[in-house]
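> Show me the folded form of this:
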Amino acid sequence: MLKLMIFWGSFAWFPFALACFWLALRTAGRMRLAIITALVLSLPLAWARFVEPHLLFVHRETIILPGGSETSPVIRIALFSDIHLGVFPNAVPLERIVRRINSEKVDAVFLAGDLSYRPETDRIPEIFSAMGDFDAPLYAVLGNHDVGYPGNNLTDALMTALGEGGAAVPQNRALDTEISGHRIIVAGASDLWQRRQDFSFSSSLPDGVPVLLLTHNPDTALYVPDDFAYDLMLAGHTHGGQVRIPFLVKHMIPTIWEFDKELHVYPSGGGDRLVYVTSGTGMVGVPMRFNMPPRIDLLTLHLPE
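From the prediction side, this is the model:
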């Protein structure tokens, strides 16, 4: 597989770097300059392959939901996505993500899909065994890589892992629940590329209760019925570009609308909608992240008064 060839072949950078050091000490003039230049030019690739994918940052943001204010009640949630556990051993392990989120003592945790990236099916229980270690309630949906777009359809195995981990999976349905003592509707949509999204549940939602809509692809906002007045959509999918090169970022974001990362205001037929996009912790395509390290988003949400 080409992806694994890139993964393992990249270790050739270390003998390359040693050879550059050795030759730079034993040459002079233009040859030494050429060798040092080659080494310096290789450093961003080495960083993107061997360093940045192992970092894990926390981004904090405060969002005032429609009808709320700076003094209205708040809930604190953690949002992460695109962990893509499987073929790349350098992806941030779930255990580390769980420990980091637990240290923040949030009120709820939201996982916005793409748990997997071509893992061996029989290893899924092991890879996701930490799912049940969150100290706060976990809500999760699946993403395109989980349901076979592209790759194998791992829906059954992943739903089993989520169930064993105690996660609530609100795909194409709504859960009337409490988060930190506040009544909240946690709704969800299945992956957009699967073309099975069903928002018929929205017609029976109670009035006056904040609605958080969890999905994988933020382009779901283009297809939500105008009369479904959710307060905030939580999504992932974009990776923030993953390899974020200035001037090329827009070409590396896999969305129709201009979703990238963090908070967006989408002008739907039903009015402006808030959509928050997390940039994920894992990788697809190449085993690298550059200028977009793995990250968890901690959101303080001011609820409607």
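> just checking, residue 73 touches residue 301?
No. With contacts counted by CB atoms under 8 Å, residue 73 stays clear of residue 301, the gap being 9.3 Å. Backbone N, C-alpha and C define where each C-beta goes, glycine included.
> Counting neighbours, go ahead and name the busier of those two.
Under the criterion of other CB atoms under 10 Å, the comparison of residue 73 against residue 301 puts residue 301 first, with 26 against 14.
> Now do the SS call for the more buried one.
strand (DSSP: H, G, I helix; E, B strand; the rest coil).
> Tell me which residues touch the spatially closest residue to residue 260 that is not a sequence neighbour, please.
Spatial nearest neighbour of residue 260, excluding adjacent residues (CB to CB, 6 or more residues apart in numbering): residue 253 at 5.6 Å. If you count contacts by CB atoms under 8 Å, 6 or more residues apart in numbering, residue 253 has them with 238, 240-241, 259-260.
> just residue 292 next, same as before
By CB under 8 Å, 6+ apart, the neighbours of residue 292 are 52, 239-244, 279.
> Endpoints of stretch 212-220, how far apart?
14 Å (CA to CA, to the nearest Å).
> let me redo that: stretch 264-277
8 Å.
> List the buried residues for it?
264, 266, 268, 273-277 (16 or more other CB atoms under 10 Å).
> What is the lowest-pLDDT residue among these?
Ranked by pLDDT, the buried residues of stretch 264-277 bottom out at residue 268 (91).
> how close does that one sit to residue 229?
As judged by CB to CB, to the nearest Å, residue 268 and residue 229 stand 10 Å apart.
> and what of residue 266?
With CB to CB as the criterion, residue 266 and residue 229 are 13 Å apart.
> now do residue 154
From residue 154 to residue 229 the distance is 33 Å (CB to CB).
> These two: which is more packed in?
Legend: neighbour count by other CB under 10 Å for residue 154 and residue 229, higher for residue 154 (22 against 16).
> Need the pLDDT of the more buried one.
pLDDT recorded at residue 154 is 97.
> what do you get for the one 3 residues further on?
As predicted, residue 157 sits at a pLDDT of 97.
> With residue 249 instead?
66.
> Helix or strand: which one has residue 276?
Per DSSP states H and E: residue 276 is located in strand 271-277.
> From the contact counts, what lies against that strand?
strand 57-64, strand 232-235, strand 262-268 (3 or more CB pairs under 8 Å, 6 or more residues apart in numbering; DSSP states H and E).
> need the helices for the stretch 51-200 of the chain, in chain order.
Ranges of helices in the stretch 51-200 of the chain, per DSSP state H, counting those that start in this stretch, are 94-102, 124-127, 155-164.
> Low-confidence ranges, the stretch 101-250 of the chain, go.
For the stretch 101-250 of the chain, residues meeting the criterion pLDDT under 70 lie at 249.
> the strands in it, which residues?
108-112, 116-117, 138-141, 173-179, 182-188, 211-214, 232-235 (DSSP state E, counting those that start in this stretch).
> Next, give phi and psi for the residue nearest to residue 260.
Dihedral pair for residue 253: phi -100, psi 120, per degrees, to the nearest 10.
> any idea how far it lies from residue 110?
Residue 253 is 21 Å from residue 110, by CB to CB.
> for this structure, which helix is longest?
helix 29-46 (DSSP state H).
> Excluding chain neighbours, what is closest to residue 192?
residue 217 (4.0 Å).
> Please apply the same query to residue 13.
residue 46 (5.3 Å).
> That neighbour: how many residues sit nearby?
Applying other CB under 10 Å, I find that residue 46 has 17 neighbouring residues.
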